[in-house]
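Q: Just to be clear, the model below is a prediction. Sequence and coordinates:
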Amino acid sequence: MRSLILGLGCLWLRTWRVRWISGGCEGAQPRDGSIPARAVLLLWHEHLPACIRAFSGRGIEVLISRSPDGGWAADACARFGYRVHRGSSSRGSMGGLREIALGMQSGSGLAGMVLDGPRGPRRQPKEGSLWLARRAHVPVVPVRIEALWAIRLKSWDRCLIPLPFAKVTVYLGKPFHPESPAEIGAAMRALETGTNGPEAPESARVGASEPQATVPAR
């Protein structure tokens, strides 16, 4: 039953149509140079499902919680071509982060970090991404997700779930070398408000800062 549910969930993700916006350019793939060869991609926990789909097939190193819920995410990530390491901010995280740093040397050179996982507080960056970027000597790249057709779960992170065949837009911020979690949080907020990237029309925005469950009317 678990395999069936996981398979259906992954099929749902594969129906999403992904578009990329970086440096003012939109396309079916990220603009050349928008993602460095070696970098840490930063996202909020609420955008994890969409990011699993968007960044699939790149061999990105990811750290997933050892919780039962994390097991589902780990299995989904493995199916979408990620290199999965298990750990969390509360237990076993340093070992997992060290494994990611080593994996970046031998793998794709990219890692993905959920800033406020695995249990929040929502949209409050933790130290792990800063430690990893410094350890690997790489820049970080802020990521923002929006979807025209989506709902939000009543979970601690207000998780964004695009509906089948929805258009998912991935905004990429400018790569930089952070000095503190506060600087990372500021960069993520800048990307949300359009300071570090183009702003989508208000009527199309589900995913950046809307706190409630939303399905746009036809």
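A: Everything's here; your move.

Q: Next one, pLDDT for residue 70 please.
A: Reported pLDDT at residue 70 in the predicted model: 83.

Q: again with residue 206
A: Per-residue pLDDT puts residue 206 at 43.

Q: going forward, begin numbering at 473 instead of 1
A: That works, and once the first residue is 473, the last one we named lands at residue 678.

Q: Compute the number of surrounding residues for the closest residue to residue 594 other than its chain neighbours.
A: Closest residue in space to residue 594, ignoring its immediate chain neighbours: residue 629 at 5.3 Å, by Cβ to Cβ, 6 or more residues apart in numbering. (Each C-beta comes from the backbone N, C-alpha and C, glycine too.) When neighbours are defined as other Cβ atoms under 10 Å, residue 629 has 21 of them.

Q: Residue 629 and residue 518 touch, don't they?
A: Yes. At 4.3 Å, residue 629 counts as touching residue 518 under the criterion of Cβ atoms under 8 Å.

Q: Mutual contacts of these two, please.
A: Counting by Cβ atoms under 8 Å, 6 or more residues apart in numbering, the contacts common to residue 629 and residue 518 are residue 594.

Q: To which secondary structure element type does the residue nearest to residue 612 when sequence neighbours are not counted belong?
A: Leaving aside its chain neighbours, residue 612 sits nearest to residue 512 (4.7 Å; criterion: Cβ to Cβ, 6+ apart). Following DSSP: H, G, I helix; E, B strand; the rest coil, residue 512 is assigned to strand.
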